[in-house]
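> One predicted model, sequence on top.
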Amino acid sequence: MSNIDLAIMGIKNLLRRKARTVLTVLGVIIGTAAIVVMVSLGLGMTKAFEQQLEEYGSLTMITVQANRDYGSMMVSSSDSSSSLSSEKDKVVLDDAMIESVESMDHVKFAIGFKRFDSKFFAGRYESWSNVKAVDFNKLALMDIELSEGVLPTLEGHNEVLFGFQASKEFYDPKSRNYNGQSPEIDIFNTKIEMIPTSNYSDKRPRGYIVTPTGITSEKNWDYAWDIFMDYDTFEKIKKEFDRKNKNNNNDTNKGNSRRKSQQKENKYDEMKVNVDKIDNVQEVQEKVKALGFEAYSLTDALEQQKKSSGLMQAVLGGIGAVSLFIAAIGITNTMVMSIYERTKEIGVMKVIGAELRDIKRLFLFEAAMIGFIGGVFGVLVSFGASFLINTVLSGMNGDSGYYGPQMLSDIPVWLAISALGFSTIIGLLAGYYPAVRATRLSALEAIRTD
Amino acid sequence: MGELIIEVKDLRKVYKIGSEKVVALNKINLSIYKGEICCILGTSGSGKSTLLNMMAGLEKPTKGSIEIKSVGIEKMTEKQLARFRQKHIGFIFQSYNLLGALTALENVAMPLIFRGFSKINREKLARKYLNMVGLKDRYKHRPTQMSGGQQQRVGIARAFVGTPEIIFADEPTGNLDTKTSIEVMHIMWKMAREKQQTIVIVTHDPEVALYADKVIHIRDGDIQKIDNRENDDVYEKYILPYEVQYDEHLEDAKVST
């Protein structure tokens, strides 16, 4: 029996029982649409999250934390054994480390930061902002967006870059009714002084004048509270400051003790590693972790989101799958009923020359056809439902886009095609039992039935 | 006689109904030759239909063997039997068993579908055979729109369309009146003779048996006697007078063949 004859015969058989075929197909439509819409919501969610993450900062940046500096912090001398072992394991974040990270595959550049305790003054206002010391030769690589001014360089006098929040952190210490409103200070036209420590006794030491050259963009919260300063410049100022204020500085002892373990000291407390592609971020991150650092990136959140939305999709898809499963039972039921109705016909066909294979194929084809037609309409219904969700529900968000992008439900081509394939296969599977049953039918008994 | 086509040896069939055993066929031995028109004659319950069903491979014998073209069909699997029937056997039923959803033409073409004939070829052949049975103007009719005699003629066309070597007919005239029965028997006789096909007819009607070269009388599961007749005998006695009487049918048949 040729395939085309089989198809014609099968379709004719389906058309002969229109009502039942339509009802069975309807079940498959609902099942397929349920799965596709559910999965599309999960996919839309992931897509929305990705877009949102990109607003938080670069997805290709890894932040590496230096290990705690045991030497400088107050490790009790009695705890020497653990201090020894940690000394041995300890990896430090210094220029050599940055160079070795930069030599890794996929790494575009690595840059080190260190946050220093400091205070800033602008006239009668002051701010507890910390200095973030960084090599200004590399600052341009970071691609920091500015809302005002230019990036600082090494040429001017103690140039600094203000995070947009840091520029608003000034307050008047003498004001009693501080109402949280920060004063409007034009940092470019105000004399800004800096003291490289916030830890001084009652008398305020003489500060150093710095020159702000720019303010970071308000779109990026990554550097909002930072005040960038060149590492070497800051180091120089701090040394000079320490020397001048040696007598009334209670920090000297600590400074001395730190000096003892100086051969193993973190120069930086944070490192940013830029990777060429998002796909390689996790790989580089693992390598950095293997060196003995804490490292994280926005892709962690993405991975996490992917995991949880994968779970979500599985749950939602599962709900859809239940309805498709019920539809499959419907197909089986329809085909079994069809055998009862067509018992005599099957018997006659067997006697006049149908092979078992022909009977089996005929029933499988009819069942698969129900699945396929249901799949086609199910996918069409899903596109409609997806369109409705996207227009109606997104419309309720307004134009703010606060709840994420306009797309809530996303049906990629692969989803549509695999849904179609899936429903057809479900039809085939559902038709298998009836098909085998039809072939097992005794021809003689089949002919005798009425 | 010519070549041996069906050989039944020591055939026995016992049905179990509850705890009771019913012997349908006791010990049957018979030989049928190529081109023979053979009639199994018996009353109802004699076991004649059981014998036919076993020869067509629709039932398994309890004991004994059936060889068709020297192949033991009692040992064949369902799959092999289906293929064997497709290639060598045609079947005519008492209640016609046409497919109600299909036209006369589609019904006749059905066996050819399973043999993989193209639509054009099988419809050409089906038309030819419908013409031969005198249903030239009934191609598009459905079974419900035809009389019993016409339906049985469609059934005959369907059995012969693939030119099988053997045709089994189970009470082909059982539902027909005498006049139509004669018509149907005549058509079967003519068509079988033309291509030297073997027919095995099961009937309880002695008049049907008149068309046979060999009549096997069966009673209570045993063969009582076998009558052999000369071919010419049948022709002169039954076919020739019929041809004179019903000329118009023959006109149809001659035009198409």
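Structure's in. What do you need?
> From now on I want contacts and neighbour counts done on CA atoms only, so please keep to that.
Noted.
> Quick check: nearest residue in space to A:Ile352, chain neighbours excluded?
B:Pro111 (5.8 Å; Cα to Cα, 6 or more residues apart in numbering or on different chains).
> so for the helix or strand hosting that neighbour, what's the average pLDDT?
For B:Pro111, the host element (DSSP states H and E) is helix B:104-114. Here helix B:104-114 scores 95 as its mean pLDDT.
> In which helix or strand does the residue sitting nearest the centre point of chain A reside?
Nearest to the mean C-alpha position of chain A, counting by Cα atoms, centre = their mean, stands A:Leu302 at 1.6 Å. Element membership of A:Leu302 [criterion: DSSP H and E] is helix A:298-351.
> quick one: average confidence on the helix or strand that that helix is followed by?
Of the helices and strands lying after helix A:298-351 in sequence (DSSP H and E), the nearest is helix A:356-388. Taken as a whole, helix A:356-388 has an average pLDDT of 95.
> Next one: helix A:356-388, is it in contact with chain B?
Yes. Judged by Cα under 8 Å from any Cα of the partner chain, helix A:356-388 comes into contact with chain B through A:356, A:358.
> So which bits of chain A are right by chain B?
So chain A meets chain B at A:1-2, A:5, A:345, A:348-356, A:358, A:443-444, A:447 (Cα under 8 Å from any Cα).
> Turn the buried ones among these into a named PyMOL selection, would you?
To isolate in PyMOL the members of those that are buried, counting by 16 or more other Cα atoms under 10 Å in any protein chain shown, one can use:
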select buried, chain A and resi 1+5+345+348+349+350+351+352+353+354+355+356+358+443+444+447
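> what about the residue of the stretch 101-250 of chain A found nearest chain B, how many neighbours?
Proximity of the stretch 101-250 of chain A to chain B (Cα to the nearest Cα) peaks at A:His106, 61.9 Å away. Neighbourhood size, A:His106 [other Cα atoms under 10 Å in any protein chain shown]: 15.
> again with A:Gly320
21.
> B:Leu11 and B:Leu30 touch, don't they?
No. Using Cα atoms under 8 Å, B:Leu11 makes no contact with B:Leu30, being 9.4 Å away.
> If you count surrounding residues, which of those two has more?
Between B:Leu11 and B:Leu30, counted using other Cα under 10 Å, the more crowded position is B:Leu11 (19 against 14).
> Confirm that one sits in a strand?
Yes. Per DSSP: H, G, I helix; E, B strand; the rest coil, B:Leu11 lies within a strand segment.
> Next, work out how far apart it and B:Leu25 are.
In this view, B:Leu11 and B:Leu25 are 7 Å apart by Cα to Cα, to the nearest Å.
> Can you give me the neighbour number for A:Phe136?
20.
> which residues touch the residue lying closest to it once chain neighbours are set aside?
What sits nearest to A:Phe136 in space, not counting adjacent residues and going by Cα to Cα, 6+ apart, is A:Asp230, at 5.2 Å. Neighbouring residues of A:Asp230 by Cα atoms under 8 Å, 6 or more residues apart in numbering or on different chains: A:133-136, A:154, A:158-160.
> Alongside chain A, which residues does chain B contribute?
B:53, B:58-59, B:78-79, B:82-83, B:85-87, B:89-91, B:97, B:99, B:111, B:113-116, B:159.
> what is the mean pLDDT for the helix or strand hosting B:Arg85?
Secondary-structure assignment from DSSP H and E places B:Arg85 in helix B:78-88. The average pLDDT within helix B:78-88 is 92.
> one step back: now the buried members of the residues of chain B next to chain A.
Members of those classed as buried by 16+ other Cα under 10 Å are B:53, B:58-59, B:78, B:82-83, B:85-87, B:89-91, B:97, B:99, B:111, B:113-115, B:159.
> Show me what the longest helix seen in chain B is packed up against.
In chain B, with assignment by DSSP state H, the single longest helix is helix B:178-194. Under the contact criterion of 3 or more Cα pairs under 8 Å, 6 or more residues apart in numbering or on different chains; DSSP states H and E, helix B:178-194 touches helix B:148-160, helix B:206-209.
> hmm, try it at 10 Å
strand B:37-41, helix B:119-132, helix B:148-160, strand B:166-170, strand B:198-203, helix B:206-209, helix B:240-245, helix B:247-256 (3 or more Cα pairs under 10 Å, 6 or more residues apart in numbering or on different chains; DSSP states H and E).
> Give the helix, strand or coil label for B:Pro172.
Here B:Pro172 is recorded as coil under three-state DSSP.
> what sits against the residue nearest to A:Ile352?
Applying Cα atoms under 10 Å, 6 or more residues apart in numbering or on different chains to B:Pro111 gives the contacts A:1, A:349-354, B:86-87, B:90, B:117, B:122, B:126, B:158-162.
> With A:Ala295 instead?
A:62-66, A:270-273, A:284-289.
> Chain B: which of those residues is nearest?
A:Glu286 (61.2 Å).
> tell me the secondary structure for A:Leu23?
Looking at A:Leu23 with three-state DSSP, the answer is helix.
> What distance separates the opening and closing residues of stretch A:183-195?
Stretch A:183-195 end-to-end distance (Cα to Cα) = 21 Å.
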